[in-house]
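Participant: Take this sequence and fold it.
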Amino acid sequence: MDGSVTGPGLVASLRRRIGGVAHGDRRVVTIAMSVVWTTGLTSVLGLAFWALVARAYAVDVVGEAAGAVGAMTLIATIAMLGLGTLLIDRWGRLESAQRRSLMRGSLIVSGCAGVLGALIVGPILAMTSSTLSDLSSPLTLSLLALATGLSAAGFVLDQALLTRGGGGLQVERNVVASVVKLAAVVIFVLLLPATINAVLLAWTLGLAVSMGYVAVRVRGSVGRLSGQDVREVIALRRSASGHHVLNLTLQAPFLLLPVVAAMVLTSDENAFMSTARLVSGLVYTVPFALTVGLFVVAQGQVADLLARMRRSIPLGLVAASAAVVFLLVFGGPILRLFGPQYRDESYLPMVILSLAAVPLVLKDHYVALRRVQSRLLSAARLVLVGTVLEVVAAAVGGQRGGPVGLSIAWTLAVVVEGVFMGIPVCREVWSRSRGGSPPTAEST
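Facilitator: A predicted model of the protein is given here:
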């Protein structure tokens, strides 16, 4: 048998590919590692946060808090309005003063949109979901609104920081937020009633302190807020809207999944499902980080992006598969941190959800390629079909089979997407390597 595909030959081949990425795509690797470090560190601290909450609070309170945080994340992502991706796309084309103005305006607009969105959506969720009924309380709704506004601005800021300097400050901001949230919930367990409000207050404090930390770190280099900042954002609203549509369709399944779970599962089931999602999310980090780095570095150069993808797609598939194996072995001990009941009820949904990491490599590369080709609406249409498939499958699966049924149905939907999006990506990437003609802007 050919030694290039087995044993030492396979190891040598992988080493050559990794070496090629490290040598030829240094900035891609730097940005990807920043995303990995941010996600990894915050995931570990997030596990500690939710493990403590699970140990200290009743299961139904954990389910309510997880549902509220899921709703907050969904609203905050919508409130970004495509401004984070717009900053990445426009950064290299603007003068220094314009960059600062656009960044300031983007933070103001996204933050205000987050607060307003939570105030509108919160009462609706309270009326339609027994799990989220506490959002009818003015105090709980106010905490949700404040946390949502800070989350939206923080998401935009993270993407600006990636473009601004490679992501080191992004890592610091997210670690600060996670550490403060963890410290706050430790204190609140001792001092405050065990309710959803304590969890939301800890979350809000973490976000506020982390934003203040960045403000101190970059003082003097950002400038003062002005009305012109918001006008800069408004002037680019059409460009931002294209990114926003694609961003929403891409992220909607992950953001809607907690809300769907809260709607179709009991509070106890939602607590177990939320824990499974939290742990399984660890496996999506490396593939997603690679495509973020590709988009930041590409700057409209399609041929260069395709050449990089010939290395990043195989590496992403290997990384995703290795991460799934890691969870199969170590997922049980991780879940024990939450308590024996979570280990028993969350392990199988966690394993099933983690399998989606492999097809998501192809989906993420498809979206990165279409962004650089400026085919945002073409990509959004296909991603939207996939989003509807994922959400409907999750809702039906959850109603009929609880957390396990939801996990199976959602993962199968992602596999279908991976096939339909992976075929055109692989065709374009490897046909170009054989000298094929480049795709036109009108092709689908």
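Participant: CA atoms for contacts and neighbours, from now on please.
Facilitator: OK.
Participant: Run a quick neighbour tally on residue 216.
Facilitator: By other C-alpha atoms under 10 Å, 10 other residues sit near residue 216.
Participant: Could you do residue 367 as well?
Facilitator: Neighbour count of residue 367, defined by other C-alpha under 10 Å: 24.
Participant: what's the helix or strand for it?
Facilitator: Using DSSP states H and E, residue 367 falls within helix 357-372.
Participant: which residues touch the strand or helix carrying residue 184?
Facilitator: According to DSSP H and E, residue 184 maps onto helix 168-191. Defining contact as C-alpha atoms under 8 Å, 6 or more residues apart in numbering, one finds that helix 168-191 is touched by 34-35, 37-38, 41-42, 45-46, 48-49, 52-53, 56, 158, 161-162, 198-199, 202-211, 213-214.
Participant: Could you list the low-pLDDT ranges of the stretch 201-350 of the chain?
Facilitator: Scanning the stretch 201-350 of the chain with the threshold set as pLDDT under 70 gives 220-227, 243, 286-287, 290-301.
Participant: so where do the helices sit in it?
Facilitator: Along the stretch 201-350 of the chain, the segments classed as helices by DSSP state H, counting those that start in this stretch run 227-235, 237-264, 267-280, 285-298, 302-336, 340-354.
Participant: now the shortest one against helix 237-264, angle please.
Facilitator: Comparing the axes of helix 227-235 and helix 237-264 via axes from the mean of the first three to the mean of the last three C-alpha atoms, to 10 degrees yields an angle of 80 degrees.
Participant: just to revisit the earlier point, export the helix holding residue 184 as CSV, just CAs?
Facilitator: Taking C-alpha atoms only, helix 168-191 is exported to CSV below (Å, rounded to 0.1, in the frame of the first residue of the first chain):
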residue,chain,number,x,y,z
GLY,A,168,-4.9,39.8,21.7
LEU,A,169,-7.1,42.4,23.3
GLN,A,170,-10.2,40.4,22.3
VAL,A,171,-8.9,37.5,24.3
GLU,A,172,-8.3,39.7,27.3
ARG,A,173,-11.8,41.3,27.1
ASN,A,174,-13.6,38.0,27.0
VAL,A,175,-11.4,36.5,29.8
VAL,A,176,-12.1,39.5,32.0
ALA,A,177,-15.9,39.2,31.3
SER,A,178,-15.9,35.5,32.2
VAL,A,179,-13.8,35.9,35.4
VAL,A,180,-16.0,38.7,36.7
LYS,A,181,-19.2,36.7,35.9
LEU,A,182,-17.8,33.7,37.8
ALA,A,183,-16.6,35.8,40.8
ALA,A,184,-20.0,37.6,40.9
VAL,A,185,-22.1,34.4,40.9
VAL,A,186,-19.9,33.0,43.7
ILE,A,187,-20.8,36.1,45.8
PHE,A,188,-24.4,36.1,44.8
VAL,A,189,-24.9,32.5,45.8
LEU,A,190,-24.0,33.6,49.3
LEU,A,191,-25.8,36.9,49.4
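Participant: Run the chain-centre distance for that helix.
Facilitator: 19 Å (C-alpha atoms, centre = their mean, to the nearest Å).
Participant: got it, and stretch 315-334?
Facilitator: 18 Å.
Participant: one step back: can you put the helices of the stretch 201-350 of the chain in TSV and add distance to residue 101 and mean neighbour count?
Facilitator: Below are these laid out as TSV (distance: least, C-alpha to C-alpha, whole Å; neighbours: other C-alpha atoms under 10 Å):
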stretch	distance to residue 101	mean neighbour count
helix 227-235	5	16
helix 237-264	15	21
helix 267-280	36	24
helix 285-298	20	24
helix 302-336	29	18
helix 340-354	40	21
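Participant: any chance of the ones you listed in JSON lines, plus distance to residue 103?
Facilitator: As requested, the helices of the stretch 201-350 of the chain are exported to JSON lines (distance: least, C-alpha to C-alpha, whole Å):
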{"stretch": "helix 227-235", "distance to residue 103": "8"}
{"stretch": "helix 237-264", "distance to residue 103": "13"}
{"stretch": "helix 267-280", "distance to residue 103": "30"}
{"stretch": "helix 285-298", "distance to residue 103": "16"}
{"stretch": "helix 302-336", "distance to residue 103": "26"}
{"stretch": "helix 340-354", "distance to residue 103": "35"}
